[in-house]
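> Sharing a model that was predicted from the sequence below.
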Amino acid sequence: GAVVSQHPSWVICKSGTSVKIECRSLDFQATTMFWYRQFPKQSLMLMATSNEGSKATYEQGVEKDKFLINHASLTLSTLTVTSAHPEDSSFYICSARVLVDYGYTFGSGTRLTVV
Amino acid sequence: GENVEQHPSTLSVQEGDSAVIKCTYSDSASNYFPWYKQELGKRPQLIIDIRSNVGEKKDQRIAVTLNKTAKHFSLHITETQPEDSAVYFCAASKDQAGTALIFGKGTTLSVSS
């Protein structure tokens, strides 16, 4: 089946630094990648939609200059959290749609802790 | 955009009882409705899904019903077991490339033995 590999699984960083999260589609081409954020005991909230070779589309209230998304190839999308602050601590997870059956596949998620 | 409401937020049942979780959606163009089970710190796991050309789908103890007119869909778990205890999310999307899943707020199901 379609697999999205997400790295790192967890990361701890100091306040003010940047963190990059990678999602790779291993056996299919992900033209579009969706990025979600999940705070403890809450739902998955769509942050942005990245499209290969073009600018990402951000949901209302998500700062595009803080959450930089790059989708330079059909198999790699990255999310960079710039100038991270403790309130950015969350579970970040990517997802791609598999066109064959229009189902969705998810990365394993990244637990970001900003100290 | 799409908005998905999910109820209840918590549900406690005795082992062997049935559990029902309900969701409503706002965008009449949505036509794909999956249900996910999520363990803490893990990715969502698809347990069942339904498309708008079908009113009901069943997989062993799990079933999903869809009422397109009323824009709501429900998850039914029969003969619940303690291992069914988890957080369940409903979601909705349009069945076309480039559209994201929009999730409900989740239901924490507790099955006591």
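Sure, I can see it.
> Show me the shaky parts of chain B.
For chain B, not a single residue meets the criterion pLDDT under 70.
> near chain A, which residues of it show up?
Taking C-beta under 8 Å from any C-beta of the partner chain as the criterion, the neighbours of chain A within chain B are B:32, B:34, B:41-44, B:46, B:49, B:89, B:93, B:95-106. C-betas here are computed from N, CA, C, even on glycine.
> In strands, which of the residues you listed appear?
B:Y32, B:P34, B:L46, B:D49, B:F89, B:I102, B:F103 (DSSP state E).
> what secondary structure does A:S77 sit in?
Secondary structure assignment for A:S77 (DSSP: H, G, I helix; E, B strand; the rest coil): strand.
> can you give me the helices in chain B?
Here chain B has no helices by DSSP state H.
> returning to that earlier point: max pairwise distance over the ones in strands among the residues of chain B next to chain A: which two?
Greatest spacing in these, by C-beta to C-beta: B:L46 and B:I102 (15.5 Å).
> Which one's more surrounded, the two?
For B:L46 versus B:I102, the count of surrounding residues by other C-beta atoms under 10 Å in any protein chain shown is larger for B:I102: 21 against 14.
> which ones are touching that one?
A:L46, B:G1, B:E2, B:N3, B:V4, B:Y25, B:A91, B:A92, B:S93 (C-beta atoms under 8 Å, 6 or more residues apart in numbering or on different chains).
> can you rerun that using 7 Å?
Taking C-beta atoms under 7 Å, 6 or more residues apart in numbering or on different chains, we find B:I102 in contact with A:L46, B:E2, B:V4, B:A91, B:A92, B:S93.
> separation between it and B:D49?
Applying C-beta to C-beta, to the nearest Å, the value for B:I102 to B:D49 is 14 Å.
> Residue numbers of chain A in contact with chain B?
With the criterion set to C-beta under 7 Å from any C-beta of the partner chain, chain A comes near chain B through A:32, A:34, A:43-44, A:46, A:49, A:91, A:93, A:95, A:97, A:99, A:102, A:104, A:106-109, A:111.
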